[in-house]
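Asks: Okay, predicted coordinates and the sequence, questions at the end:
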Amino acid sequence: MAVDLQSIYILASGGERAMEQLNVTANNVANVDTPGFKKVFEEEMYQNVPVNRGEAAKLLTFPRFRETVPVLSQGALQKTDSPFDFAISGSGFFTVLTKAGVLLTRNGHFHLDKNGFLVDANGNRVLDDAGNPILLDGTMPFTVTKDGKIFQAGVQVAVLGIENYDSVKPVGEGYYTGTGRRKKPECTVLTGYLESSNVNPVEEMVNLIEAQRRFDIYGNLIRGLDRINIKSVEIGKV
């Protein structure tokens with residue numbers, strides 16, 4: 001008699017969960033040196049599913065996945081002394097215009113493009129508080145106050161656009177989209193600083209090892225059940 005394959009399905013679901021955890025943790029490790037990067041994690045979620053309905057009805061527990069959740073804790077502030085480096089101390093994100101639309105970032109490593117627009121490390125234009133690209137005179141020095149106001153020759157030319165939300169969703173390359181209610185940022189802008197990633201490399205390496213072991217355990221159990229299934233079929237033919 002063949003072994004009930006439902007157990008294998010459950011283990012396969014758990015193996016998929018472990019693989020996703022591996023990918024998330026590996027991405028955290030890969031971005032440990034990315035300015036403003038926020039580590040992400042996946043909350044455990046399990047769902048009871050009815051099987052064998054009828055007199056023998058029962059519930060089996062299957063692992064289920066949720067969206068990755070960013071941890072928005074403040075990263076360490078590193079002094080660079082570059083006038084084009086900005087760090088947000090507190091809550092909020094810089095706004096930039098990308099091919100995918102307006103996105104949020106904590107990576108304040110900016111520079112001027114050939115047209116004089118303030119852009120991020122990927123060449124996306126940094127926006128002001130009105131949602132417009134920030135254009136500066138590249139021949140003149142500028143200063144930025146702690147509330148994000150940009151001055152050239154003593155004249156205010158723009159205000160850095162900073163937005164804050166209940167939560168954010170990562171979309172890749174250190175960019176995020178806001179989710180939930182929009183809130184007033186509570187922060188200061190520091191010139192000549194960059195915010196480091198809030199990833200703890202030692203902690204993430206431990207998580208990586210645990211996720212790998214978890215994946216291996218699911219795989220070994222699946223192979224073991226498969227061998228039992230084959231043996232059961234062989235015995236049934238005798």
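Replies: Right, received. Where do you want to start?
Asks: and the helix ranked longest in the chain, what's its mean pLDDT?
Replies: Counting residues, the longest helix found in the chain (DSSP state H) is helix 201-237. Averaged over helix 201-237, pLDDT sits at 78.
Asks: Against which helices or strands is it packed?
Replies: The criterion is 3 or more CB pairs under 8 Å, 6 or more residues apart in numbering; DSSP states H and E, and the helices and strands that helix 201-237 contacts are helix 6-30. For glycine as for every other residue, the C-beta is placed from the backbone atoms N, C-alpha and C.
Asks: Buried ones in the helix it packs on, by neighbour count?
Replies: Within helix 6-30, the residues scored as buried using 16 or more other CB atoms under 10 Å are 8, 10-15, 17-22, 24-25, 27-28.
Asks: so how far is it off the chain centroid?
Replies: 17 Å (CA atoms, centre = their mean, to the nearest Å).
Asks: right, and the helix or strand after that helix?
Replies: Note on helix 6-30: by DSSP states H and E, the next helix or strand toward the C-terminus is strand 40-41.
Asks: what does that following strand contact?
Replies: Contact with strand 40-41 is made by 24, 27-28, 68-71, 170, as judged by CB atoms under 8 Å, 6 or more residues apart in numbering.
Asks: next one: stretch 94-114
Replies: If you take CB under 8 Å, 6+ apart as the criterion, stretch 94-114 is touched by 34-38, 75, 84-88, 93, 118-127, 131, 133, 136, 138, 160-163, 168, 171, 174-178, 193-195.
Asks: Would you mind measuring the gap between the ends of that stretch?
Replies: End-to-end span of stretch 94-114 (CA to CA, to the nearest Å): 21 Å.
Asks: try stretch 170-187
Replies: With CA to CA as the measure, stretch 170-187 spans 21 Å from end to end.
Asks: Distance from the chain centre to it, please.
Replies: Worked out by CA atoms, centre = their mean, stretch 170-187 lies 11 Å from the chain centre.
Asks: List the buried residues for that stretch?
Replies: Neighbour counts using 16+ other CB under 10 Å place 170, 173-176, 178, 185, 187 of stretch 170-187 among the buried residues.
Asks: Just send the residues you listed back as JSON lines, with distance to Lys114 and secondary structure too.
Replies: Listed next are these as JSON lines, based on distance: CB to CB, whole Å; DSSP: H, G, I helix; E, B strand; the rest coil:
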{"residue": "Pro170", "distance to Lys114": "30", "secondary structure": "strand"}
{"residue": "Glu173", "distance to Lys114": "22", "secondary structure": "coil"}
{"residue": "Gly174", "distance to Lys114": "23", "secondary structure": "coil"}
{"residue": "Tyr175", "distance to Lys114": "23", "secondary structure": "strand"}
{"residue": "Tyr176", "distance to Lys114": "28", "secondary structure": "strand"}
{"residue": "Gly178", "distance to Lys114": "31", "secondary structure": "strand"}
{"residue": "Pro185", "distance to Lys114": "31", "secondary structure": "coil"}
{"residue": "Cys187", "distance to Lys114": "31", "secondary structure": "strand"}
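Asks: Next up, the contacts around the residue lying closest to Val144 once chain neighbours are set aside.
Replies: Using CB to CB, 6 or more residues apart in numbering and skipping the chain neighbours, the partner closest in space to Val144 is Thr191 (4.8 Å). For Thr191, the contact set (CB under 8 Å, 6+ apart) comprises 83, 85-86, 143-144.
Asks: got it, and Thr68?
Replies: Thr68 sits in contact with 24, 40-42, 170, where contact means CB under 8 Å, 6+ apart.
Asks: ok, the spatially closest residue to it that is not a sequence neighbour - how many residues close by?
Replies: Using CB to CB, 6+ apart and skipping residues adjacent in sequence, the residue nearest Thr68 is Val40, 4.1 Å away. Using other CB atoms under 10 Å, Val40 has 18 neighbouring residues.
Asks: All good on my end, thank you.
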